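In: can you look at this prediction? I've put the sequence above it.
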Amino acid sequence: MAESSFITKVAFACQKKEALFDSSKAKYAVRSMYAGAFLTLSTAAGAIAADVINKIVPGSGRLLFPFIFAWGLVYILFLNAELTTSNMMYLTAGTFLKKIKFSKALLILLYCTFFNLVGAAIIGWIFNQTVAYAGLTPDGFVGTVVANKLSRGNIVVLFEAIAANIFVNVAILSFLLIKSSTAKMWIVISAIYMFVFLTNEHLAANFASFSLIAFNKIASQVQGFDVFNILRHFSITFIGNVIGGGLLIGLPYAWMNKDEETYVD
């Protein structure tokens, strides 16, 4: 009888997350902060690179930025940081498979989400003390991206968020099930490139770009950049990401592999 690698790895992941959360919330918080930080590092570099290349070939920044941004998720996966949007897949699947209680899964997810934001905010503040971010303008790449996101209506944000976390968890599934480290890396980059190129809504990625604006002098010049609108956007993105990563990837894969003897992942 074939053994489901997916179920084995989800069970181990849930056990590991719950054990760390119960034994040291400080360590779990730091791993979550690193996830937000790594995405902010790649966002910060990608945004400046996009501004530079847009001056040479207008519009080309949209092609370059997703490639640089994608390395942030590679860092997260290879360096064992805790990302809210991948946890949506793990914890939903784990709950369905009875590897973790729903109440504990929800608590871990919310805790992880908060500290993803803290990590992004810290790196966002640090970059705004550097020369590269002293010259940021509201019509630059990151300012324009954030303004466009904040102008979207609730339904659009919801469906953009669903799409984003389908892409992200295709990357996570590939990382789980493929053995070659090189193949893992390039498949992760491919999936992340696609959702970023399409400007889909990913909560932790938005934590990164919004933090880079929040600590910059242009914050007051970016249309829609106010607390209420940001909280609205984050809340709907969270729900959409849960649907995309948890209900459309984690849950179906858990169901397909449960009680299956031959066709397993």
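Out: Looks like it came in fine. Numbers count the residues shown, from 1 in each chain.

In: ramachandran coordinates for Ser4?
Out: When quoted as degrees, to the nearest 10, the phi and psi of Ser4 stand at phi -80, psi 110.

In: now do it against Asp139, distance only.
Out: Taking CB to CB, to the nearest Å as the measure, Ser4 falls 50 Å from Asp139. In this view, the C-beta of every residue, glycine as well, is placed from N, C-alpha and C.

In: which one's more surrounded, these two?
Out: Just comparing Ser4 and Asp139: by other CB atoms under 10 Å the higher neighbour count belongs to Ser4, 21 against 11.

In: need the pLDDT of the more buried one.
Out: Here the pLDDT value assigned to Ser4 is 91.

In: and it, how far is that from Tyr90?
Out: 15 Å.

In: can you pull out the helices in the stretch 1-150 of the chain?
Out: Along the stretch 1-150 of the chain, counting by DSSP state H, counting those that start in this stretch, helices occupy 5-23, 25-56, 61-78, 84-96, 102-127, 131-134, 141-150.

In: ends of stretch 52-60, how far apart?
Out: Start to finish, the residues bounding stretch 52-60 are 10 Å apart (CA to CA, to the nearest Å).

In: quick one: buried residues of it?
Out: Taking 16 or more other CB atoms under 10 Å as the neighbour-count basis, stretch 52-60 is seen to contain the buried residues Ile53, Asn54.

In: ditto for stretch 21-31
Out: Neighbour count says stretch 21-31 has Phe21, Tyr28, Ala29, Val30, Arg31 buried, by 16+ other CB under 10 Å.

In: make CSV out of those and add distance to Asn54 and pLDDT.
Out: Conversion of the buried residues of stretch 21-31 to CSV gives the following (distance: CB to CB, whole Å; pLDDT from 0 to 100):
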residue, distance to Asn54, pLDDT
Phe21, 43, 98
Tyr28, 39, 98
Ala29, 37, 98
Val30, 36, 98
Arg31, 35, 98
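
In: and these, which two are furthest apart?
Out: Spatially, the most separated pair among the buried residues of stretch 21-31 is Phe21 and Val30, at 12.2 Å (CB to CB).

In: Ile192: which element?
Out: Secondary structure assigned from DSSP states H and E places Ile192 in helix 181-197.

In: what's that helix packed up against?
Out: helix 61-78, helix 154-177 (3 or more CB pairs under 8 Å, 6 or more residues apart in numbering; DSSP states H and E).

In: for that helix, could you pull out the residues that count as buried?
Out: By neighbour count with 16+ other CB under 10 Å, helix 181-197 contains the buried residues Lys184, Met185, Ile187, Val188, Ile189, Ala191, Ile192, Tyr193, Met194, Phe195, Val196, Phe197.

In: from those residues, which is closest to Gly224?
Out: Using CB to CB, the buried residues of helix 181-197 come closest to Gly224 at Val196, 20.3 Å.

In: how much space separates the residue nearest to the closest one when sequence neighbours are not counted from Gln129?
Out: Closest residue to Val196 in three dimensions, ignoring its sequence neighbours and counting by CB to CB, 6 or more residues apart in numbering: Pro66, at 3.7 Å. Relative to Gln129, Pro66 is positioned 26 Å away (CB to CB).

In: does Ile123 touch Ala44 like I think?
Out: Yes - assessed by CB atoms under 8 Å, Ile123 is found in contact with Ala44 at 7.1 Å.

In: which of Pro66 and Gln129 has more residues huddled nearby?
Out: Applying other CB under 10 Å to Pro66 and Gln129 shows that Pro66 carries more neighbours, namely 20 against 9.
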